[in-house]
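*Asks:* requesting a structural model of the entry that follows:
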Amino acid sequence: MIRYLLDANVFIQAKNQHYGLDFCPAFWDWLIYANTKGVIYSIEKVKEELTVGDDELATWAKSLNEEFFLPIDYSTTQAMREVSRWVDQNYEMGAESNFFETADYYLISYALAHRFTIVTHEKFTTSTIKIKIPNVCRELNIPCLSPFEMLRRQKVRFILQPPNGLNTPSH
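*Replies:* Numbers count the residues shown, from 1 in each chain. Below you'll find the predicted structure:
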(Lines give C-alpha, C1' and ligand atoms only; values in the text may rest on other atoms or scores of the structure.)
Protein backbone atom coordinates (compact mmCIF):
# COMPACT_ATOMS: atom_id res chain seq x y z
CA MET A 1 0.00 0.00 0.00
CA ILE A 2 1.27 3.46 -0.89
CA ARG A 3 1.42 5.89 2.00
CA TYR A 4 1.39 9.60 1.31
CA LEU A 5 3.08 12.36 3.28
CA LEU A 6 1.54 15.78 2.63
CA ASP A 7 3.43 19.06 2.39
CA ALA A 8 1.96 22.14 4.08
CA ASN A 9 1.18 23.71 0.71
CA VAL A 10 -1.31 20.91 -0.03
CA PHE A 11 -3.45 22.03 2.89
CA ILE A 12 -2.90 25.75 2.38
CA GLN A 13 -3.67 25.79 -1.34
CA ALA A 14 -6.64 23.47 -0.85
CA LYS A 15 -8.11 25.90 1.69
CA ASN A 16 -7.35 29.00 -0.38
CA GLN A 17 -8.27 27.66 -3.82
CA HIS A 18 -9.73 24.34 -4.90
CA TYR A 19 -11.20 22.78 -1.76
CA GLY A 20 -12.26 25.53 0.62
CA LEU A 21 -13.42 24.16 3.94
CA ASP A 22 -16.73 25.98 3.47
CA PHE A 23 -17.67 24.63 0.03
CA CYS A 24 -15.80 21.33 -0.37
CA PRO A 25 -15.89 19.54 2.97
CA ALA A 26 -15.58 16.21 1.15
CA PHE A 27 -11.87 16.84 0.49
CA TRP A 28 -11.16 17.41 4.18
CA ASP A 29 -13.35 14.48 5.23
CA TRP A 30 -11.47 12.26 2.78
CA LEU A 31 -8.10 13.28 4.26
CA ILE A 32 -9.29 12.25 7.71
CA TYR A 33 -10.80 9.02 6.39
CA ALA A 34 -7.64 8.15 4.43
CA ASN A 35 -5.58 8.77 7.55
CA THR A 36 -7.69 6.29 9.52
CA LYS A 37 -6.98 3.75 6.74
CA GLY A 38 -3.20 4.35 6.96
CA VAL A 39 -2.89 6.15 3.62
CA ILE A 40 -2.56 9.89 4.36
CA TYR A 41 -0.25 11.55 6.88
CA SER A 42 1.86 14.58 7.43
CA ILE A 43 4.43 15.46 10.08
CA GLU A 44 4.36 17.56 13.24
CA LYS A 45 6.56 20.23 11.60
CA VAL A 46 3.84 20.75 8.97
CA LYS A 47 1.21 20.99 11.70
CA GLU A 48 3.32 23.72 13.32
CA GLU A 49 3.22 25.68 10.04
CA LEU A 50 -0.53 25.20 9.68
CA THR A 51 -1.41 26.21 13.22
CA VAL A 52 0.63 29.42 13.39
CA GLY A 53 -2.33 31.41 12.09
CA ASP A 54 -5.75 31.85 13.57
CA ASP A 55 -7.96 30.71 10.72
CA GLU A 56 -10.19 27.79 9.81
CA LEU A 57 -7.23 25.73 8.56
CA ALA A 58 -5.42 26.14 11.88
CA THR A 59 -8.58 25.12 13.71
CA TRP A 60 -9.01 22.08 11.43
CA ALA A 61 -5.37 20.99 11.87
CA LYS A 62 -5.60 21.35 15.66
CA SER A 63 -8.73 19.17 15.69
CA LEU A 64 -7.03 16.14 14.12
CA ASN A 65 -5.96 13.12 16.11
CA GLU A 66 -2.26 12.82 16.88
CA GLU A 67 -1.84 9.97 14.37
CA PHE A 68 -2.34 12.40 11.47
CA PHE A 69 0.82 14.43 12.12
CA LEU A 70 3.71 12.05 12.73
CA PRO A 71 6.55 12.93 15.10
CA ILE A 72 10.16 13.05 13.98
CA ASP A 73 11.84 9.87 15.15
CA TYR A 74 15.31 8.36 15.24
CA SER A 75 15.05 6.90 11.71
CA THR A 76 14.15 10.35 10.40
CA THR A 77 17.11 12.00 12.11
CA GLN A 78 19.36 9.34 10.56
CA ALA A 79 17.90 10.03 7.10
CA MET A 80 18.49 13.76 7.62
CA ARG A 81 22.21 13.07 7.18
CA GLU A 82 21.69 11.74 3.66
CA VAL A 83 19.38 14.63 2.75
CA SER A 84 21.86 17.17 4.18
CA ARG A 85 24.77 15.63 2.31
CA TRP A 86 22.98 15.83 -1.03
CA VAL A 87 21.78 19.40 -0.41
CA ASP A 88 25.28 20.51 0.67
CA GLN A 89 26.75 19.16 -2.57
CA ASN A 90 24.16 20.70 -4.89
CA TYR A 91 23.03 24.07 -3.53
CA GLU A 92 24.42 27.42 -2.53
CA MET A 93 25.07 28.17 1.15
CA GLY A 94 22.10 30.56 1.55
CA ALA A 95 19.70 28.04 0.06
CA GLU A 96 20.98 25.35 2.40
CA SER A 97 20.56 27.33 5.60
CA ASN A 98 17.00 28.34 4.65
CA PHE A 99 16.09 24.77 3.71
CA PHE A 100 17.40 23.24 6.94
CA GLU A 101 15.05 25.50 8.91
CA THR A 102 11.91 24.44 7.01
CA ALA A 103 9.44 21.61 7.44
CA ASP A 104 10.44 20.47 3.93
CA TYR A 105 13.75 19.15 5.25
CA TYR A 106 11.96 17.04 7.87
CA LEU A 107 9.24 15.96 5.43
CA ILE A 108 11.77 14.66 2.91
CA SER A 109 13.82 12.96 5.63
CA TYR A 110 10.72 11.29 7.07
CA ALA A 111 9.66 10.07 3.60
CA LEU A 112 13.15 8.71 2.96
CA ALA A 113 13.33 6.92 6.31
CA HIS A 114 9.83 5.43 6.19
CA ARG A 115 9.24 4.95 2.44
CA PHE A 116 6.44 7.44 1.94
CA THR A 117 5.41 9.20 -1.26
CA ILE A 118 5.53 12.98 -0.85
CA VAL A 119 2.59 15.06 -2.05
CA THR A 120 3.31 18.70 -2.84
CA HIS A 121 2.37 21.51 -5.21
CA GLU A 122 6.05 22.33 -5.71
CA LYS A 123 7.55 21.76 -9.15
CA PHE A 124 11.00 20.59 -10.16
CA THR A 125 13.35 23.50 -10.98
CA THR A 126 16.92 23.97 -12.16
CA SER A 127 17.54 26.80 -9.69
CA THR A 128 20.34 26.37 -7.14
CA ILE A 129 19.06 29.31 -5.08
CA LYS A 130 15.88 27.73 -3.64
CA ILE A 131 15.60 24.06 -2.79
CA LYS A 132 12.41 22.42 -3.99
CA ILE A 133 11.02 19.15 -2.65
CA PRO A 134 10.75 17.46 -6.09
CA ASN A 135 14.44 18.13 -6.78
CA VAL A 136 15.59 16.41 -3.61
CA CYS A 137 13.08 13.60 -4.06
CA ARG A 138 14.25 12.89 -7.59
CA GLU A 139 17.86 12.56 -6.52
CA LEU A 140 17.11 10.45 -3.45
CA ASN A 141 14.56 8.22 -5.23
CA ILE A 142 11.62 9.34 -3.12
CA PRO A 143 8.32 9.22 -5.02
CA CYS A 144 6.82 12.71 -5.28
CA LEU A 145 3.59 13.82 -6.91
CA SER A 146 0.93 16.52 -6.95
CA PRO A 147 -2.24 16.38 -4.85
CA PHE A 148 -4.27 15.89 -8.03
CA GLU A 149 -2.17 12.87 -9.03
CA MET A 150 -2.63 11.44 -5.54
CA LEU A 151 -6.40 11.90 -5.69
CA ARG A 152 -6.53 10.19 -9.10
CA ARG A 153 -4.35 7.29 -7.98
CA GLN A 154 -6.57 6.83 -4.95
CA LYS A 155 -9.65 7.03 -7.21
CA VAL A 156 -11.17 9.72 -5.02
CA ARG A 157 -14.46 11.20 -6.22
CA PHE A 158 -16.21 14.15 -4.68
CA ILE A 159 -19.87 13.76 -5.58
CA LEU A 160 -22.14 16.80 -5.77
CA GLN A 161 -24.83 16.95 -3.17
CA PRO A 162 -27.10 19.85 -4.07
CA PRO A 163 -28.01 22.30 -1.35
CA ASN A 164 -31.52 21.98 0.06
CA GLY A 165 -34.15 23.14 -2.42
CA LEU A 166 -32.02 22.70 -5.55
CA ASN A 167 -32.40 19.88 -8.04
CA THR A 168 -29.44 17.84 -9.24
CA PRO A 169 -28.23 19.20 -12.60
CA SER A 170 -29.22 17.05 -15.56
CA HIS A 171 -26.53 15.78 -17.92
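
*Asks:* mind listing what H121 touches?
*Replies:* D7, N9, V10, Q13, S146, P147 (Cβ atoms under 8 Å, 6 or more residues apart in numbering). In short, each C-beta sits where N, CA and C put it, glycine included.

*Asks:* wait, a helix at the third one?
*Replies:* It stands for V10. Yes: assessed by DSSP: H, G, I helix; E, B strand; the rest coil, V10 belongs to a helix.

*Asks:* which strands or helices does the strand or helix carrying Y33 pack on?
*Replies:* Using DSSP states H and E, Y33 falls within helix 25-36. Identification of packing neighbours for helix 25-36 by 3 or more Cβ pairs under 8 Å, 6 or more residues apart in numbering; DSSP states H and E yields strand 40-43.

*Asks:* touching the strand it packs on from outside, list them.
*Replies:* The contact list for strand 40-43 (Cβ under 8 Å, 6+ apart) reads 3-8, 11, 31, 34-35, 67-72, 103, 106-107, 110, 116.

*Asks:* report the buried residues of stretch 142-162.
*Replies:* By 16 or more other Cβ atoms under 10 Å, the buried positions in stretch 142-162 come out as I142, C144, L145, P147, M150, L151.

*Asks:* check the offset of the lowest-mean-pLDDT helix or strand in the chain from the chain's centre.
*Replies:* Least confident helix or strand of the chain, by mean pLDDT, DSSP states H and E, is helix 93-100 with a mean of 88. Centroid separation for helix 93-100 versus its chain: 20 Å, with Cα atoms, centre = their mean, to the nearest Å.
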